[in-house]
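[1] need coordinates for the below:
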Amino acid sequence: MKKIVVSFFTTLTLVLMALPAFAQEAGGAKEHLGMIALAAGICMGAGTFGGALGQGRTAAAALEGIARNPQAAPKVQTPMIIALAMTESLVLFALVIAFFLQGKI
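    Just a heads-up that it's a prediction; the model follows:
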């Protein structure tokens, strides 16, 4: 499973690195608008997918720690909430970038 995830993100990285080549002006024509829409969709998809994975792992680790030591729940809960907020902020940044890309269409 880990090899599949690594190969997926490697492929996604290579595809995203090639996208700026498609964003160049084409003699005044508006042929690049489809690529901008595609970039916005990929941005939202990758941001949401990564954020969901990060939040799931954070919650699972915190709940496992609380299950092993219930007295440590207050000490685990605050850093968990901070980590979830940081992860969610990255997803919101992806949303803002997608909105900026949609504004170019």
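[2] what does stretch 7-16 rub up against?
    Stretch 7-16 is contacted from outside by 42, 46, using C-beta atoms under 8 Å, 6 or more residues apart in numbering. C-beta here means a position set from N, CA and C on the backbone, and glycine is covered the same way.
[3] just the C-alpha atoms of that stretch, please, in PDB.
    Output of stretch 7-16 as PDB, limited to C-alpha atoms (Å, rounded to 0.1, in the frame of the first residue of the first chain):
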ATOM      1  CA  SER A   7       4.200   6.200  -6.700                       C
ATOM      2  CA  PHE A   8       0.900   8.100  -6.800                       C
ATOM      3  CA  PHE A   9       2.400  11.200  -5.300                       C
ATOM      4  CA  THR A  10       5.600  10.900  -7.400                       C
ATOM      5  CA  THR A  11       3.400  10.800 -10.500                       C
ATOM      6  CA  LEU A  12       1.300  13.700  -9.300                       C
ATOM      7  CA  THR A  13       4.400  15.700  -8.600                       C
ATOM      8  CA  LEU A  14       5.800  15.100 -12.100                       C
ATOM      9  CA  VAL A  15       2.500  16.000 -13.700                       C
ATOM     10  CA  LEU A  16       2.200  19.200 -11.600                       C
END
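[4] give me the distance from it to the chain's centre.
    13 Å (C-alpha atoms, centre = their mean, to the nearest Å).
[5] spatially nearest residue to residue 41 (excluding sequence neighbours)?
    Excluding the flanking residues, the one nearest residue 41 by C-beta to C-beta, 6 or more residues apart in numbering is residue 98, at 7.7 Å.
[6] now that neighbour: how far from residue 86?
    Remark: distance between residue 98 and residue 86 (C-beta to C-beta, to the nearest Å) = 19 Å.
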